[in-house]
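Enquirer: Pasted the sequence and its predicted model underneath.
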Amino acid sequence: MEQQDGAGPAVNRWELSAYETRISREYGIAMVFHGKVTADAAGLNATDLYALNLLDLIGEVTAGELARRTGLTTGAVTKLVDRLASAGLVSRRPDPQDRRRVRIGIVDTEADERLGSSCQLFSPIASRLARPITASRQLPCTIIMRFFDRATEDLRSPPRELHSPSRPPPPPSRHASTRT
């Protein structure tokens, strides 16, 4: 998407129309709500399910790596791992290269018993997404996959920006409880 013109920094040559912006926002919203419904069906909250899905993809990692890959704070990852470990879905084991760290991995038998294999849980969305990707003959699949790969990297950045200490606090909610 970004092109180098040789005279300066990369410039984004794409300007999204209102229609394209709406479609991309609707896609994001649909993915989030689909994740919520899938998590509910698995008896988990969405963050826990997303973390399990990520661990299934990348394998055993340190808590710091899980925080980096999810955009969550290290404190939030500690609570997440505590919940998943209490449910018997992940285990902690000492990192063989650094005793101060622990590695977090899925407990396959427990996860499979409770959730089914990840293929079963995510196959409905995978098949639904495969249809429009394979039906699109205007764009080679590699372009679509490159978009998803780059978008994934870009989506990991905003959470870090939102957790920045220099970010001003949010305004009080209009919907905040008035109870004392």
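Expert: That came through fine. No experiment lies behind these values; they were computed from the predicted model shown.

Enquirer: Let me see the contact set for the nearest residue to residue 55 once chain neighbours are set aside.
Expert: Leaving aside its chain neighbours, residue 55 sits nearest to residue 106 (5.1 Å; criterion: C-beta to C-beta, 6 or more residues apart in numbering). Placement of C-beta: from N, CA and C, glycine included. Residues near residue 106 by C-beta atoms under 8 Å, 6 or more residues apart in numbering: 52, 55-56, 89-90.

Enquirer: Scan this structure for its longest strand.
Expert: For the chain, the longest strand by residue count, based on DSSP state E, is strand 98-106.

Enquirer: Mind listing what's buried along it?
Expert: 103-104, 106 (16 or more other C-beta atoms under 10 Å).

Enquirer: Pull the distance from that strand to the chain's centre.
Expert: Counting by C-alpha atoms, centre = their mean, to the nearest Å, strand 98-106 is centred 21 Å from the centre of its parent chain.

Enquirer: which parts of the helix or strand encompassing residue 56 are buried?
Expert: When elements are assigned from DSSP states H and E, residue 56 belongs to helix 46-58. Buried residues in helix 46-58, counted by 16+ other C-beta under 10 Å: 46-53, 55-56.

Enquirer: Repeat that for stretch 74-91.
Expert: Using 16+ other C-beta under 10 Å as the test for burial, stretch 74-91 gives 77, 80-81, 83-84, 87, 89-91.

Enquirer: how about the CA coordinates for that stretch, as PDB?
Expert: C-alpha atoms of stretch 74-91 as PDB (Å, rounded to 0.1, in the frame of the first residue of the first chain):
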ATOM      1  CA  THR A  74       2.000  -7.900  31.400                       C
ATOM      2  CA  GLY A  75      -0.400  -7.500  34.300                       C
ATOM      3  CA  ALA A  76      -3.400  -8.400  32.100                       C
ATOM      4  CA  VAL A  77      -1.500 -11.400  30.700                       C
ATOM      5  CA  THR A  78      -0.700 -12.600  34.200                       C
ATOM      6  CA  LYS A  79      -4.500 -12.600  35.100                       C
ATOM      7  CA  LEU A  80      -5.300 -14.200  31.700                       C
ATOM      8  CA  VAL A  81      -2.800 -17.000  32.300                       C
ATOM      9  CA  ASP A  82      -4.100 -17.400  35.900                       C
ATOM     10  CA  ARG A  83      -7.700 -17.900  34.500                       C
ATOM     11  CA  LEU A  84      -6.600 -20.400  31.800                       C
ATOM     12  CA  ALA A  85      -4.300 -22.300  34.200                       C
ATOM     13  CA  SER A  86      -7.100 -22.500  36.800                       C
ATOM     14  CA  ALA A  87      -9.400 -24.000  34.100                       C
ATOM     15  CA  GLY A  88      -6.700 -26.500  33.200                       C
ATOM     16  CA  LEU A  89      -6.300 -25.100  29.700                       C
ATOM     17  CA  VAL A  90      -2.700 -23.900  29.900                       C
ATOM     18  CA  SER A  91       0.300 -24.800  31.900                       C
END
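
Enquirer: Done for today, thanks.
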